[in-house]
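1. Predicted model and sequence below, questions to follow.
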Amino acid sequence: MRFLKLLLVPVFAFSFEIEFNKKFYHELPHDTLSAYITVTITDDNEIIVGERLEVFNQKIKSLDKVERKLGTFNIRPKYRHSTSTPRVSGYIGELRYKVNSRKARFMDEFISEITKLKRNRDTNVSVSSLSWSVKEDTYNVTLDLLRLEAINWVSQYSKNLSKDLNKECSVKKIDINKTMPMMPLNNRAVYSSIETSTKSIPVPESNQEKIVINPHYVMECK
């Protein structure tokens, strides 16, 4: 066990304050595989771009083994600067979703189904920021439990300290600062041809995520 570094601040005769930090942490297994999937289509006709993107959009919505979030759909013109006045030379459409899955196999199946829809060279399907994480609800519950542990710990510590010093020690302040865990490095895999639908996606290894709080305590003994 690490020794607590105590800072004694005199308040008045036979009374003092104690300030110190203590780290509490818990490790959780990664349970959610997340990725951003982007479908990009270029064509001379704006209506055709929209229609082709909608085919992908409906397919993505029909696959229920993954959770979809933050869907965006946009079409913008491409410009050619042959003279001083730019001219529209075509259109670029983009469909983008964030996808979550409980299993790597479900994510693999999802990507394979989407890439099967690719029929032309002017269509690209890409997968980015593929990484494991802990569900937000699980993370928040664990964080609350760590805060409770920190409060219960200092309450018991004040009782033990009072007995050891033969004084009345009480907690004056608790400042809990949460330390954010390190995020996994993003991995990017680009699927630009229909043949890639037969291959498994390169999934990063699932690991543990450490949730840490480092409360600062101020106690008074008199």
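-> Nice, I can see it. Numbers count the residues shown, from 1 in each chain.
2. Ser34 and Ser129 touch, don't they?
-> Yes - Ser34 is within contact range of Ser129, at 7.1 Å (criterion: C-beta atoms under 8 Å). To be clear about C-beta, it is placed using only N, CA and C from the backbone, and glycine gets the same treatment.
3. Okay, helices next: where are they in the protein?
-> 46-62, 104-115, 136-165 (DSSP state H).
4. Mean neighbour count for those helices - can I get that in JSON lines?
-> Putting the helices of the chain into JSON lines (neighbours: other C-beta atoms under 10 Å) gives the following:
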{"stretch": "helix 46-62", "mean neighbour count": "15"}
{"stretch": "helix 104-115", "mean neighbour count": "19"}
{"stretch": "helix 136-165", "mean neighbour count": "14"}
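5. Turn the ones you listed into a markdown table, including mean pLDDT.
-> Output for the helices of the chain, formatted as a markdown table (pLDDT from 0 to 100):
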| stretch | mean pLDDT |
| --- | --- |
| helix 46-62 | 94 |
| helix 104-115 | 91 |
| helix 136-165 | 93 |
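6. Minimum distance to Lys78: which of these has it?
-> helix 46-62 (10.6 Å; C-beta to C-beta).
7. and the closest one, what does it pack onto?
-> Packing partners of helix 46-62 (3 or more C-beta pairs under 8 Å, 6 or more residues apart in numbering; DSSP states H and E): strand 32-43, strand 67-80, strand 87-101, helix 104-115.
8. right, and these - which one's nearest Asn207?
-> It's strand 32-43; of those, that one is closest to Asn207 (C-beta to C-beta) at 12.0 Å.
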